[in-house]
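>>> Give me a model of this one.
(chains A and B)
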Amino acid sequence: MITRREILQVGAATAAFAAGGSAFTRALAQQRLTEDELLRFDTLGNVTLLHVADIHGQLMPVYFREPSVNIGVGEARGQPPHITGEAFLKHFGIPENSASSYALTDQNFETLAKSYGRIGGLDRLAAAVKRIRVERGNDKVIFFDGGDTWQGSLGANSSRGQDMVDCMALLKPDAMTGHWEFTYGEARLKELIKGLDYPFLALNIRDTEWNEPAFEPMKMFEKGGIKVAVLGQAFPYTPVANPRWMMPKWSFGIREDDVRANVEKAHRDGAQLVVLLSHNGFDVDRKLAGRVSGIDVILTSHTHDALPEAIKVANTLLVASGSHGKFLSRLDLDVQGGGIKNFRYRLIPLFADAIKPDPEVSAAIAKARAPYANDLVREVGRTDTVLFRRGNFNGTFDDLICAALLKERDAEIALSPGFRWGTSVLPGQAITVEDIHNATAITYPQVYRISMTGERLKEVLEDVADNLFNPDPYYQQGGDMVRCGGLGYAIDVSKPIGQRISAMTHLKSGKAIEPKKEYVVAGWASVNEGTEGPSVWDLVERYVAATKTLRLEPNTSVKISGG
Amino acid sequence: MRQLSRRAALTLAAAGAALGFVGSGKRAPAAAKEAADQIAQFTGGKTAEKGKVSIELPEIAENGNTVPLSVTVDAPMAADNHVSEILVVADGNPNPGVATFHFSPLSGKAAASTRIRLAATQNIIAVAKTSKGEFFTNQKLVKVTIGGCGG
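Residues are numbered from 1 along each chain as shown, chains lettered A, B, ... in the order given. Below you'll find the model as predicted:
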């Protein structure tokens, strides 16, 4: 019943190009990629869901390299989204060097990026959403923002989310949920939510005083002649993964029973379609779908997975829409008698050169960026190595950050959080102030310098590894492994907590890390209140400026097994 | 000395139950064994049947010093057949005893809520006793993490 390979039309049309050849020019690639082709969709059924998530403050088109390493454990082992590179292409039948391959994998990234260009941009997203609303009829379309929209760039951080709120308002989302939005603190978040024309849904947040729901849990829509209930689920571990002191009055959690109760209420209220707008992360949602019945669609986010097909778990369809504004998900549904009879899905890559930007939103973006315009484009240095972050264990951008931490804070070991957001910089390009902030823009950027024993360092690595590789997804937090500078280790992801990490080595001396010995450690993004130190972006800027042209050696300091 | 008030500083609602605490506040060896001993004492050595008891706890604690706990038993509360007590133990705390909740048929519902302190990642085990001398149990793993690095 399903046309599962909508996106492959894009792939097929461009498959004729072989990467690397001199004939493979940008102009040719652009010629073949058209807005019509990207947005072409054989309309189906009575209602259309549009979903974007994890934009992370990116108003402009970006380069974003998808991960090379994304290991799944337990039931998720070897299952999408835990396949990468060639295996990913093979699994989904995507031709090598095609536009889809460039958008969805790390394969030939540097070459293909030069050919296919940047992806995303809120004005391109706006154009796509607008066109679909017109073509489909707005009475049949619901557009969702899955959250992590208001954080992740210099502009977002400086305006404390305002630039993103102002620009997103023009796209008229119908509902949103969140995660990093909470790191602006309770007062600011409430202020921003007050200004929205659409609800911020989060059924899984309660106040810490009375344990009562603190946000609107759901909203009912009438679209395409049916009642659609949309339930919001914020990132369950926001006060664990991010500073709890920034949101002390709110308690989060997966709260499966609350999800169940709201799903039941939605059905009682006459919903014919129940949608969970979720910031749980893909594996958590996969488990949830198998345990809570009555959810027709989960619009997943948080783990930044981009999947060209909807995944069915029990009777629930899971959609994964990628990150950084690269993709818009379109899901057409034929809902009959309280169930999905048929569906068609397409993950639309928003190739910036192919999609004509919406002029109103382009103007709003220019206005939002104006206060920082000079700063954003200022060249700090250059890079010969591709800079990227995504991957379970390391990325070159974090190698850069760790090198900066070691040098600028005169430390033996550096720790950089395993965030999954942050854009890429191509070899031969300038590293701008904007690039640095795209990898560091948070509201708790202080770089600490402390002394830690080898024992404590192991505890930290074990703790973070368990957040990533606990076989039960409900105990995962959805980030990647903490990045280490000056420290090598081996990890067996199949082992339980306390037994995954071994062979910890102080790289400079080549000596084993001693449990009782104290090491000088520099790091950033501490969740503890009152952390002191310079802002990480200033420190990285200083390091890049001094280095002038960056050239990073391949990082071989983490030995992985058990995956 | 571990004070009782630190283990259950905030009693939100005990659903009509009389709330009492296990243990005398003495420092006990941190061990799953003591937790098992307390359960054995509570059941008189009988094996509790898994089920009927639902424990509401976060999978990962936001703050190990005050973790919200709710426990509910799906059972009748009739005069001749009702839940009379619920024992809650934490098998990784220095003192595993958390609380014993007492109920009567007038309680209407065997449900209680409180907040507990967890020293580390561990299982929270609840055992319900009925007036007919039956025992039901369930448990949930709560992870206490160092935090950070997510997202």
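>>> can you list the domains in chain A?
A:8-368, A:378-561 (automatic domain parsing).
>>> What about residue 100, how many residues nearby?
If you meant another chain, say so; for now it's chain A. 26 (other Cβ atoms under 10 Å in any protein chain shown). C-beta here means a position set from N, CA and C on the backbone, and glycine is covered the same way.
>>> that's the other chain; I wanted chain B
22.
>>> Where does pLDDT dip in chain A?
Along chain A, the parts satisfying pLDDT under 70 run over A:1-31.
>>> residue nearest the centroid of it?
A:His304 (3.4 Å; Cα atoms, centre = their mean).
>>> how about the nearest residue to it, chain neighbours excluded?
A:Ser323 (3.9 Å; Cβ to Cβ, 6 or more residues apart in numbering or on different chains).
>>> Go through the longest helix that chain B contains and flag the buried ones.
Taking DSSP state H as the criterion, chain B has its longest helix at helix B:32-43. By 16 or more other Cβ atoms under 10 Å in any protein chain shown, the buried positions in helix B:32-43 come out as B:34-35, B:38-39, B:42-43.
>>> Stretch A:438-457 now?
By neighbour count with 16+ other Cβ under 10 Å, stretch A:438-457 contains the buried residues A:438-449, A:452, A:454, A:456-457.
>>> Format the CA atom coordinates belonging to that stretch as CSV.
C-alpha atoms of stretch A:438-457 as CSV (Å, rounded to 0.1, in the frame of the first residue of the first chain):
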residue,chain,number,x,y,z
ASN,A,438,26.9,27.2,15.9
ALA,A,439,28.9,24.6,17.8
THR,A,440,28.9,26.3,21.2
ALA,A,441,25.9,28.6,21.7
ILE,A,442,24.4,27.7,25.1
THR,A,443,23.3,29.7,28.1
TYR,A,444,25.9,28.0,30.4
PRO,A,445,29.1,28.3,28.3
GLN,A,446,31.7,28.7,31.1
VAL,A,447,34.9,26.7,30.7
TYR,A,448,35.8,25.3,34.1
ARG,A,449,39.3,24.1,35.1
ILE,A,450,39.3,21.5,37.9
SER,A,451,41.3,18.6,39.3
MET,A,452,39.8,15.2,38.9
THR,A,453,41.1,11.7,39.9
GLY,A,454,41.5,9.0,37.3
GLU,A,455,38.7,7.2,39.2
ARG,A,456,36.3,10.1,38.8
LEU,A,457,37.1,10.4,35.1
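>>> Point out the residues in the stretch 1-150 of chain A that sit beside chain B.
A:Asp148 (Cβ under 8 Å from any Cβ of the partner chain).
>>> Work out for me the element B:Ala111 sits within.
strand B:110-116 (DSSP states H and E).
>>> Within the sheet, what are the partner strands of the helix or strand just after that strand, with directions?
Downstream of strand B:110-116, the first helix or strand assigned by DSSP H and E is strand B:122-130. Applying DSSP bridges, strand B:122-130 is found paired with strand B:83-90 (antiparallel), strand B:135-142 (antiparallel).
>>> Spatially nearest residue to the residue most central in space within chain B, not counting backbone neighbours?
By Cα atoms, centre = their mean, chain B has its centre lying nearest to B:Val88, at 2.0 Å. If the residues on either side of it in the chain are set aside, B:Val88 comes closest to B:Val98, at 4.2 Å by Cβ to Cβ, 6+ apart.
>>> how much space between that neighbour and chain A?
Distance, B:Val98 to chain A, by Cβ to the nearest Cβ, to the nearest Å: 18 Å.
>>> is it true that that residue touches B:Arg115?
No - assessed by Cβ atoms under 8 Å, B:Val98 is found out of contact with B:Arg115, at 10.3 Å.
>>> Looking at the two, which is more packed in?
More crowded of B:Val98 and B:Arg115, by other Cβ under 10 Å: B:Val98, with 26 against 18.
>>> Which strand or helix spans the more buried one?
strand B:97-102.
>>> partners of that strand in the sheet?
By DSSP bridges, strand B:97-102 pairs with strand B:18-20 (antiparallel), strand B:83-90 (antiparallel).
>>> Over the longest one, what's the mean pLDDT, rounded is fine.
Same thing as strand B:83-90. If you average the pLDDT over strand B:83-90, you get 97.
>>> Could you check the angle that strand makes with strand B:110-116?
20 degrees (axes from the mean of the first three to the mean of the last three Cα atoms, to 10 degrees).
>>> nearest to A:Ile254, of the strands paired with strand B:97-102?
Across the strands paired with strand B:97-102, A:Ile254 has its closest neighbour in strand B:83-90 (20.5 Å, Cβ to Cβ).
>>> what angle sits between the closest one and helix B:32-43?
Going by the same axes, to 10 degrees, strand B:83-90 makes 170 degrees with helix B:32-43.
>>> Name the nearest residue to residue 56, sequence neighbours excluded.
Going with chain A. A:Gly152 (3.0 Å).
>>> that's the wrong chain, I wanted chain B
Per Cβ to Cβ, 6+ apart, closest to B:Glu56 is B:Ser70, 3.9 Å.
>>> hang on, the one you found in a helix?
No - using DSSP: H, G, I helix; E, B strand; the rest coil, the assignment for B:Ser70 is strand, not a helix.
>>> What number of residues are in the vicinity of it?
17.
>>> Surely B:Ala126 touches B:Val71?
Yes - look at B:Ala126 against B:Val71 with Cβ under 8 Å: they come within range, at 4.8 Å.
>>> intersection of neighbour lists for these two?
B:53, B:55, B:86, B:88 (Cβ atoms under 8 Å, 6 or more residues apart in numbering or on different chains).
>>> what's the residue nearest to the centre of chain B in contact with, if anything?
So B:Val88 contacts B:69, B:71, B:98-101, B:116, B:124-126 (Cβ under 8 Å, 6+ apart).
>>> do A:Ala271 as well
A:220, A:227-229.
>>> likewise A:Arg136?
A:43, A:48.
>>> how much space between it and chain B?
33 Å.
>>> how many neighbours does the closest residue to A:Gly72 other than its chain neighbours have?
Spatially, and ignoring its direct neighbours in sequence, A:Gly72 is nearest to A:His82 (2.8 Å; Cβ to Cβ, 6+ apart). Residues lying near A:His82 (other Cβ under 10 Å) number 22.
>>> check which helix or strand covers A:His82.
A:His82 belongs to no helix or strand, assigned by DSSP H and E.
>>> I figured it hits A:Gly74, correct?
No - look at A:His82 against A:Gly74 with Cβ under 8 Å: they stay out of range, at 10.3 Å.
>>> rewinding a little: out of the shared contacts of B:Ala126 and B:Val71, which one sits closest to chain A?
Nearest to chain A among those: B:Ile55, at 10.8 Å, using Cβ to the nearest Cβ.
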